[in-house]
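only the shape, not the letters, is given here:
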């Protein structure tokens, strides 16, 4: 396990091999956003909710680099805090399904045929659910709510939905990869060598099976962010008073003719984030390919 | 190498069949003995059941194939006894596989690969590493201490097979099972690996069961040779004698299929017909439909292995014919 973790990490941090260009550009984009999100208190007013009702829909100025919205809130500040929120949900919305799905995938690959088949049929059913209808129902059922422990208003139903639906892809990916690796001669060699089963799985199967999962994890952060933005745009995501990219686009679309940058800025951020993450995933795929 | 006649492995009536029951027997009943310090070559064409019989020893049969009868005895401290196949893995028996490309885990360094079996037995990391170096040196791996951290893809096919053999030796086996270990290598590398196996056989008194379809490899390494056809042992004897004067028509046919240099022969020989599918056998000799020597008797009753010379057995009614006019 350690060796491959090392070599996979190595693959993430070197620039000399295949796919290095894509990975470098992806890192540059994502690094910029991560830096912006972390530096939020120092590069913005620090108060995304502060209203200045006398100064509504202001044009960009030194005090308000991206102008203000209908309630006179500083759009630059809101944008930076929205990046923070979207990244957090994006990473959690990738990580939770990835963990659950990978565990299910491994269990499925190793379990007797009937259980494996049952898990696969359950996955079929979940894949056939219309994603956004499911989310709207879930949001309606749980309500936006208030804070749940470390999660802000509206975050828990979304993460729950991502996890309930998102595990399927990870489970299938890992199950298939496990089957491929289990059929390899070196696994038979490891068994022949007298290694106990858990050592074969952890030491020989898993390290060779996780490559595609890592690639998909990168892309999936982008997908989670896009889903969050879409849900917020539709009103089923985080409450509209919280700064969120999709919510900002939704709130500003009525003034698109006069203050178009209120829609363009969060839209551009969304597109760039998705591109950056997809580039990293794609470059990683190039590199991990045999 | 007929001196040390301690049987190491004895297959006694081993039967392998497809699915449950006796619907399709792939190997109806196999009797084989491998002695200590001896290499037994097991030859046969694809699908003759030679690899399956090998895998049955360690309980590595595919899910669709079951062992329905027979015993596999292995010499332990208390003499020959039956063992749970899984308990033999990494413990008395090791195996070398055909494809050195796919039988080494691509995500482990070769030092860790060789040490894996030792580590599984609880050996300390540093000690296992030192042992890995000496094993790699024993199998003729150049400068092993410098290359322990190489990845398998950095090695040539021959070096990979040496790593594979070092892994096999790490658990101090008494018996080495070789599943066509030289098939994927070019001829010069093949020769080096055969020399290595021969040396290990002598130095360690290792018993080797060597499965292949390559008669030239057999003639190089095997002390005794057993020929399989459609799951049955048809002839068994000292390699030199068996290849020089085959006493079963199938062995003779296999030999005449070998290309010969310098004879101006244009086309390669082939045996007419195809081997029977598993379970498709009406009685009589299994080879009779393809046999140029077949007589009426061959179609009615199945011949059994019978001694025809010291340590030489054949399952053929007509073996006298082969001795008289047709042996080379």
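Okay, I see it. Computed from a prediction, not measured in an experiment: that's the story for all the values here. Residues are numbered from 1 along each chain as shown, chains lettered A, B, ... in the order given.

give me the contacts around stretch B:126-146.
Stretch B:126-146 is contacted from outside by B:110-111, B:114-115, B:118-119, B:123, B:147-148, B:159, B:162-163, B:165-166, B:169-170, B:192, B:196, B:200, using Cβ atoms under 8 Å, 6 or more residues apart in numbering or on different chains. All C-beta spots, glycine's among them, are computed from the backbone N, C-alpha and C.

any of those residues buried? List them.
Among the contacts of stretch B:126-146, those that count as buried by neighbour count (16 or more other Cβ atoms under 10 Å in any protein chain shown) are B:110-111, B:114-115, B:118-119, B:123, B:147-148, B:159, B:162-163, B:165-166, B:169-170, B:196, B:200.

and residue A:162, what helix or strand is that in?
helix A:155-182 (DSSP states H and E).

which other helices and strands contact that helix?
For helix A:155-182, the helices and strands in contact under the criterion 3 or more Cβ pairs under 8 Å, 6 or more residues apart in numbering or on different chains; DSSP states H and E are helix A:75-110, helix A:113-128, helix A:131-142, helix A:206-209, helix A:211-234.

least reliable of these going by mean pLDDT?
Set side by side, these show their lowest mean pLDDT on helix A:131-142, which sits at a mean of 80.

how big is the angle separating it from helix A:155-182?
130 degrees (axes from the mean of the first three to the mean of the last three Cα atoms, to 10 degrees).

list the contacts for whatever residue of the stretch 51-200 of chain A ends up closest to chain B?
Sorted by distance to chain B under Cβ to the nearest Cβ, the residues of the stretch 51-200 of chain A start with residue A:194, at 1.7 Å. With contacts defined as Cβ under 8 Å, 6+ apart, the neighbours of residue A:194 are B:89, B:90, B:91, B:117, B:120, B:121, B:171.

go on, residue A:227?
For residue A:227, the residues meeting the contact criterion (Cβ under 8 Å, 6+ apart) are A:93, A:131, A:135, A:162.

got a list of what the third one touches?
The neighbourhood of residue A:135, defined by Cβ under 8 Å, 6+ apart, consists of A:158, A:161, A:227, A:231, A:236.

likewise the first one?
Taking Cβ under 8 Å, 6+ apart as the contact definition, residue A:93 lies against A:158, A:159, A:162, A:166, A:221, A:224, A:225, A:227, A:228.

what about the closest residue to the fourth one other than its chain neighbours, how many residues nearby?
Using Cβ to Cβ, 6 or more residues apart in numbering or on different chains and skipping the chain neighbours, the partner closest in space to residue A:166 is residue A:97 (3.0 Å). Residue A:97 has 25 neighbours, counted by other Cβ atoms under 10 Å in any protein chain shown.

find the residue closest to residue B:248 in space, skipping its chain neighbours.
Residue B:248 sits nearest to residue B:235 (Cβ to Cβ, 6+ apart), 3.9 Å away.

sec struct for the one you found, please.
Each residue gets one of three states, and residue B:235 gets strand by DSSP: H, G, I helix; E, B strand; the rest coil.

can you pull up the bridge partners for it?
In this structure, residue B:235 has the following beta-bridge partners (DSSP bridges): residue B:227, residue B:314.

pretty sure it is touching residue B:245, no?
No. The criterion here is Cβ atoms under 8 Å, and residue B:235 misses it with residue B:245 at 10.9 Å.

who's more crowded, those two?
Residue environment comparison for residue B:235 versus residue B:245 gives the larger neighbour count to residue B:235, 26 against 17, counting by other Cβ under 10 Å.

follow-up on the earlier one: show me what the helix or strand following the helix holding residue A:162 is packed up against.
Using DSSP H and E, the next helix or strand after helix A:155-182 towards the C-terminus is helix A:185-192. Helix A:185-192 is packed against strand B:93-96, with contacts defined by 3+ Cβ pairs under 8 Å, 6+ apart.

wondering if the strand it packs on reaches chain A at all.
Yes. Strand B:93-96 comes into contact with chain A when judged by Cβ under 8 Å from any Cβ of the partner chain, the residues involved being B:94, B:95.

from the contact counts, what lies against that strand?
Strand B:93-96 is packed against helix A:185-192, helix B:157-169, strand B:175-179, with contacts defined by 3+ Cβ pairs under 8 Å, 6+ apart.

could you list the residues in contact with the first one?
Applying Cβ under 8 Å, 6+ apart, the external contacts of helix A:185-192 come out as A:181, A:199-200, A:203-205, B:58, B:60, B:89-90, B:94-95, B:97-99, B:102-106, B:116, B:164, B:167.

pull out the buried residues from those.
When those are checked for burial by 16+ other Cβ under 10 Å, the buried set is A:181, A:200, A:203-205, B:58, B:60, B:89-90, B:94-95, B:97-99, B:102-106, B:116, B:164, B:167.
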